[in-house]
Each structure stands twice: as structure tokens, then as C-alpha cells.
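Novice: this one's sequence-less:
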């Protein structure tokens, strides 16, 4: 028993969750899959007076299609993204990205919304959301719901644009046209470890989304690289554009220049693979 | 303190726990099921892996109160009632998949879950599935051999 004491809440509706967040403010934290939060509590890197467990909120579980959008409710397990053929058909990049997250025991418990809201800069889903142009849906205590683009949602390491009393209730992934190609590439020391660097890539006729992860405080959208690809540049040139202004962190795992070099190779590989996917799809 | 009730290895278990009591501690201390080992207690080593409603999870990353109403299977629940080894346990013994045995319960539970979902995993799939469990003495070759043997025996 390593975490500091906390008061446990297990509400069953989104309204109750938001009410608890409003009541307890900074002293409350949402507990979803717990695969990042509980280690941080166990190591006492953080502590909260109140944990609001959202696992029993039925309205936060499951996914569905709404016209051209795949709506994944926040507490849907990552394993569902990996296993369900409907996910792979609608948003192939989600299905490709999921096996890279942690280990299968982690994905059995970890949630889509938890990973997005945790906003670790080295994690896969935030980059996937940015590359695809996803929107994040936030509920507040009054019952109001607002949507933010992924570009606007991620503001820093472990920091999002959500207000303290707002709850991430769903991620809305646009279903890209049939003639699209997708790829996600990353380098980690060991399968399931945090990526030293990675990239999520989506391309279709007239549109590209390229987002790097593990190389900044948020997912880094490579707009220059997207424009280069749209202008007809080859994969190597696109990769060069993606890392030109990159300023990745240096730590015990890799220097900044190593991360940049890895990122450049990964972008080249991802763009090549996405183009191949698009060619096969077309 | 919060009341909690769950099914562990087919038996109803009740307890009154601190919210911060992990499922792993509940199993070990309230249920006296000490086969579930605690190594790192922050989700890295995999020694505490149990089945929660049939899915392999880290018992150190779930609070006992969260498992209320769930069915938990621990290493003690995998063998036969007479103490017979499960096919996965037997394969670990045959292939020298353990030495000190500390990590073994977590490996056996993870491998049991893997083979239920994927009865004939490739070597790559085996290695990926084992990546969430750490062994610090035997090494992984014997363990991988045990998974292959268990898969062949199915």
C-alpha cells in the first residue's frame, strides 16, 4: 500500500463526475484506467485528496459511428481499439497505434480518454489525434459540452486545455477517405517502453497529417512536412522538413541530436509506408 | 474504510479496506493468497499479474474497491483442485522456465491469458506478450520455450 490516503468516489453519471470535480477543484483527480496515475501515486510523485473513479460511468464506455466520425467514449479500454475490427476499418491508425502502448496487461485496463487526458508527450494516442485532426469533447458541471481540436487540446507535458471541472467524455476521430494511407513508427528501447521518438502519419489526396511524439512537450505537428508532401516532395525530403525546427529534450535515454536523427528516419519510413498503404487502398 | 466484495478463484470474498489498498495487497493480506507477488508495486515488473474478469491486469495498479463485483483469478486458481499443475505451469517446469520463482506467478498468469486469446502464437507474439513481465534470474529463453510447449500441448 504505497499511495498516500485519499477519499474515493465512484459516481455513475457524467453529471456527478463533473459535480465532484467542481466541488473539490485541484484536490480531485479523475481515475480512469489508472495505468499512469496509480504508478505516480505509488511513487508519491503526486497525491490527491480525492480520486473520482469513472470506471462505473456507463455513458463513458463504448464507441460508435456518427456519419463521418468515429466517436470513442473516454473510458473505452485500449484493448478494444486493438481487437475490434470496426475500429481497424474506420480509423486504421488507431488500430495500428494501440499495440505500441505499454504491454497487453496495461492495455486491458488503460483507456483511450485516460491516455489523451494524461497528455504524456511520448504517448501514441495524442499524436494519432493530432495527425488525424480529431476533436476532444469536454463536459462541464452545468451540462455544457465543448469540443476542442487536438491541436488546441495539448498544451504541455501532462497538461491539456481542459478546465479543472471539465471531464474528457469522448474523442471524435474523423473517418478519412477510402484512398488514404496510415503509418505509425516509433523507437523504444524495449517493446512497450516509452518511445524515444515516434511519428503518426496519415495521407490522402490533398491532405496530410504528420505528428511527432517524444520530441517536445506536446505532440509536435509537422506542418512544414505536411506541406512538403502536398507539394509532391519525396519521403526523405518530407522527413527533413519534419525535423528542421525540432528541439527535442535530452535525457539519460537519448541526446537531443539522437532523437532528431531517429525522428527523421521514422518520418521517412512512416511516409513511405503510408504512401504504400494509400497505393494499395486506391 | 470501504466495504468490498468480489469473487476470487470462485469463492466469494468480503473485506473492509482503505481506498488506497491495492487489489494485490487485498489478495495477499485479506485473502491470504500470497502467490500473487509484489515486486515493483508501480506497474513495471508484472509479478502481480492476475486475471480480472478473464483479462490479465496488474493487481498493483487497481485498488481493491475498484474490483468490487468482479471475478479475480490468481495463480492459486489456475491449477487443479488437487494441486495438479495447469498445462502452463507444467510447461514452465519442463522447460526450466523458472529459477527463484519470484516472477513466475505473473508470467504464468500472463501466458495463460495469452494462450486463451491466441492459442498458437508466433515467437514474436510470445516475446511481445512477455515484454510486460520481468525475470531477473533465469532469463527468458526457458520461459519462451515453456510458452511454445504449452501452446503445442493445446
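Specialist: Nice, thanks for sending it over. Here the structure is a predicted model, which means the values were calculated and not measured.

Novice: Tell me the buried residues in the lengthiest helix in chain A?
Specialist: Assignment by DSSP state H gives helix A:256-281 as the longest helix of chain A. Burial within helix A:256-281, assessed by neighbour count using 16 or more other C-beta atoms under 10 Å in any protein chain shown, is assigned to A:259-260, A:262-275, A:277-278. (Each C-beta comes from the backbone N, C-alpha and C, glycine too.)

Novice: ok, the closest residue to chain B within the stretch 101-250 of chain A - contacts?
Specialist: Minimum separation of the stretch 101-250 of chain A from chain B (C-beta to the nearest C-beta) falls at residue A:103, amounting to 2.7 Å. Counting by C-beta atoms under 8 Å, 6 or more residues apart in numbering or on different chains, residue A:103 makes contact with A:191, A:192, B:46, B:129, B:131, B:132.

Novice: Mind doing that once more with 7 Å?
Specialist: Neighbouring residues of residue A:103 by C-beta atoms under 7 Å, 6 or more residues apart in numbering or on different chains: A:192, B:131, B:132.

Novice: How about residue B:4?
Specialist: Residues near residue B:4 by C-beta under 7 Å, 6+ apart: B:15, B:17, B:64, B:65, B:68.

Novice: mind redoing it with 10 Å?
Specialist: With contact taken as C-beta atoms under 10 Å, 6 or more residues apart in numbering or on different chains, residue B:4 is in contact with B:13-17, B:19, B:21, B:23, B:26, B:30, B:63-70.

Novice: next one: residue A:142
Specialist: A:15, A:18, A:22, A:165.

Novice: so how far is stretch A:93-101 off the chain centroid?
Specialist: 10 Å (C-alpha atoms, centre = their mean, to the nearest Å).

Novice: Can you tell me which residue of chain B sits closest to chain A?
Specialist: Distance from chain A to each residue of chain B (C-beta to the nearest C-beta) is smallest for residue B:132, at 2.7 Å.

Novice: count of residues packed around that residue?
Specialist: 24 (other C-beta atoms under 10 Å in any protein chain shown).

Novice: Over to residue B:84?
Specialist: Other residues lying near residue B:84 total 9 when counted by other C-beta under 10 Å.

Novice: and what of the one 4 residues further on?
Specialist: Neighbouring residues of residue B:88 were enumerated by other C-beta under 10 Å; the total is 26.

Novice: So which residues of the stretch 51-200 of chain A form helices?
Specialist: With DSSP state H, counting those that start in this stretch as the definition, the stretch 51-200 of chain A shows helices at residue ranges A:78-83, A:85-90, A:92-97, A:104-107, A:112-118, A:124-132, A:150-153.

Novice: Could you identify which of these is most buried?
Specialist: The highest average neighbour count among those, using mean count of other C-beta atoms under 10 Å in any protein chain shown, belongs to helix A:124-132 at a mean of 29.

Novice: about what we covered before: would you convert the contacts of residue A:103 into TSV that also reports distance to residue A:147 and pLDDT?
Specialist: Listed next are these as TSV, based on distance: C-beta to C-beta, whole Å; pLDDT from 0 to 100:
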residue	distance to residue A:147	pLDDT
A:192	32	83
B:131	36	95
B:132	35	96
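
Novice: Adding distance to residue A:84, write these out as a markdown table.
Specialist: As requested, the contacts of residue A:103 are arranged in a markdown table below (distance: C-beta to C-beta, whole Å):
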| residue | distance to residue A:84 |
| --- | --- |
| A:192 | 21 |
| B:131 | 23 |
| B:132 | 21 |
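
Novice: Looking at the helices of the stretch 51-200 of chain A, which is nearest to residue B:80?
Specialist: Residue B:80 lies closest, by C-beta to C-beta, to one member of the helices of the stretch 51-200 of chain A: helix A:104-107, at 24.7 Å.

Novice: Quick one: distance of the closest one to the chain centre.
Specialist: Centroid displacement of helix A:104-107 relative to its chain, using C-alpha atoms, centre = their mean, is 16 Å.

Novice: contacting residues around the one helix or strand residue B:90 maps to?
Specialist: Taking DSSP states H and E as the criterion, residue B:90 maps to helix B:87-94. If you take C-beta under 10 Å, 6+ apart as the criterion, helix B:87-94 is touched by B:75, B:78-79, B:84-86, B:97-98, B:101, B:104-105, B:107-115, B:138, B:142-143, B:145-154.

Novice: could you give me the average pLDDT of the next helix or strand after that helix?
Specialist: Tracing the chain past helix B:87-94, the next element assigned as helix or strand by DSSP H and E is helix B:104-117. Confidence over helix B:104-117, taken as the mean pLDDT, stands at 98.

Novice: quick check, helix B:104-117 touching chain A?
Specialist: Yes - Helix B:104-117 lies in contact with chain A when judged by C-beta under 10 Å from any C-beta of the partner chain; the contacting residues are B:106, B:109, B:110, B:113, B:114, B:117.

Novice: okay, those residues in JSON lines with distance to residue A:233 and neighbour count next?
Specialist: What follows is these, written out as JSON lines (distance: C-beta to C-beta, whole Å; neighbours: other C-beta atoms under 10 Å in any protein chain shown):
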{"residue": "B:106", "distance to residue A:233": "48", "neighbour count": "28"}
{"residue": "B:109", "distance to residue A:233": "49", "neighbour count": "29"}
{"residue": "B:110", "distance to residue A:233": "44", "neighbour count": "25"}
{"residue": "B:113", "distance to residue A:233": "45", "neighbour count": "23"}
{"residue": "B:114", "distance to residue A:233": "43", "neighbour count": "22"}
{"residue": "B:117", "distance to residue A:233": "42", "neighbour count": "14"}
